[in-house]
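J.: Generate a structure from the sequence data that follows.
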Amino acid sequence: MTMRIVSLLPGTTEIVCALGLGDHLVAVTHECDYPPEVRGLPVVTRSMLEQEESSSAEIDAVIRARARNDLSIYQLDMALIEALQPDVILTQALCDVCAVPLRQVEAAVANGPAQVLSFEPTSLAGIFGSIKAIGRALGVPERADALVDELAARVERVRARAAQATYRPRVACLEWLDPVFGPGHWTPELVSIAGGQPVLGVAGERSQRVSWTDVIACAPEVIIAMPCGFTLERAVAEATALLPQRAGWYALPAVRAGNVFAVDGNAYFSRPGPRVVDSLELLAELIHPDLFAGWGPQQAAIVLR
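T.: The predicted model follows:
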């Protein structure tokens, strides 16, 4: 029997494909773009935001306004989901800004046979646990175990090499630029494993808005702009337009040392899937280039000058 899967999160789409079950996907979201072959699948969501035409501040204002009115920023094509007759729908309840809210998904399939599986990883272990849970639910637990073993081995390889560092610089990962948000969930954990001291955020907690005074006070020695959901090109454009305008920018240790980077947050850091380990390897290379030269994915970061 062929299992029909709808994935409502780019991370779960990547997990399904990494488990060798891409052929079972019958629909994905408008944000699912990896691996490339999923781009031709039916799309069952659309965003209510016009990101390409809006500034970071405008996007933030719209999200806050819709949240105050208990409105999602996504629209789910319920008719298409019903027509596709999925056996399993993969989603999450971690962040209503990152994907269709769980309550909307449950309402869409209330009268159907589809099984809704929701995941809420807030750490590296949580992401690995989600991979194993999806593998069990889809009938391929051995593949999931093997994938997690491979990913975990790469993590330990980074951890062991980072232990050779004689100094752990203060690292500020900025998950939004206007207003400024510090890192949340697994990102501070990745920074620690990669040999840095995470500032502005706490591992396992949600990303929080921080003041520019907070950024100045922590005096980061490495700054990484990783706006959630932005491509590398968009992150570079936003960072170069916004950050140098901030008071005290040029006095920050990271700026003086040339250690300011923009990365592809959309492809890597924002997605709780297999490429979170690619994100770790990229972080390690940016924090300790002497130890990790060539470890991270190519063309995923740009030095901001």
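
J.: now the stretch 101-250 of the chain, which segments are flagged as low pLDDT?
T.: Within the stretch 101-250 of the chain, the segments meeting pLDDT under 70 span 101-112.

J.: run the last query once more with 90
T.: For the stretch 101-250 of the chain, the stretches with pLDDT under 90 are 101-120, 204, 206, 228-229.

J.: Tell me which residue is most central in this protein.
T.: Ser270 (1.0 Å; Cα atoms, centre = their mean).

J.: Starting from Glu221, give me the distance back to the nearest residue to that residue once chain neighbours are set aside.
T.: Spatial nearest neighbour of Ser270, chain neighbours left out: Cys228 (4.8 Å); criterion: Cβ to Cβ, 6 or more residues apart in numbering. For glycine as for every other residue, the C-beta is placed from the backbone atoms N, C-alpha and C. For Cys228, the distance to Glu221 equals 23 Å [Cβ to Cβ, to the nearest Å].

J.: for the stretch 101-250 of the chain, what spans make up the strands?
T.: Ranges of strands within the stretch 101-250 of the chain are 115-119, 170-174, 176-177, 180-181, 197-199, 222-225, based on DSSP state E, counting those that start in this stretch.

J.: Make JSON lines from those strands and add distance to Ala27 to it.
T.: Shown next, in JSON lines, are the strands of the stretch 101-250 of the chain (distance: least, Cβ to Cβ, whole Å):
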{"stretch": "strand 115-119", "distance to Ala27": "14"}
{"stretch": "strand 170-174", "distance to Ala27": "32"}
{"stretch": "strand 176-177", "distance to Ala27": "29"}
{"stretch": "strand 180-181", "distance to Ala27": "31"}
{"stretch": "strand 197-199", "distance to Ala27": "37"}
{"stretch": "strand 222-225", "distance to Ala27": "32"}
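
J.: Take those and write them to TSV, including distance to Gly11 and mean neighbour count.
T.: Listed next are the strands of the stretch 101-250 of the chain as TSV, based on distance: least, Cβ to Cβ, whole Å; neighbours: other Cβ atoms under 10 Å:
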stretch	distance to Gly11	mean neighbour count
strand 115-119	8	17
strand 170-174	18	26
strand 176-177	19	23
strand 180-181	19	22
strand 197-199	21	21
strand 222-225	20	26
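
J.: Select the longest helix from this structure.
T.: Scanning the chain for the helix with the most residues, using DSSP state H, yields helix 141-162.

J.: Can you check what pLDDT the model gives Met1?
T.: Met1 carries a pLDDT value of 54.

J.: just the one 4 residues further on next, same as before
T.: Residue-level confidence at Ile5 comes out at 96, pLDDT.

J.: Now for it: which residues touch it?
T.: 16, 21, 24-26, 86-90, 138 (Cβ atoms under 8 Å, 6 or more residues apart in numbering).

J.: Send me stretch 132-140 as CSV with only the CA atoms.
T.: This file holds the C-alpha atoms of stretch 132-140, laid out as CSV (Å, rounded to 0.1, in the frame of the first residue of the first chain):
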residue,chain,number,x,y,z
LYS,A,132,12.8,9.0,14.6
ALA,A,133,9.2,9.6,15.3
ILE,A,134,8.4,10.3,11.6
GLY,A,135,10.4,7.2,10.6
ARG,A,136,8.3,5.1,13.0
ALA,A,137,5.0,6.6,11.8
LEU,A,138,5.9,6.1,8.2
GLY,A,139,7.1,2.5,8.7
VAL,A,140,10.8,3.0,8.2
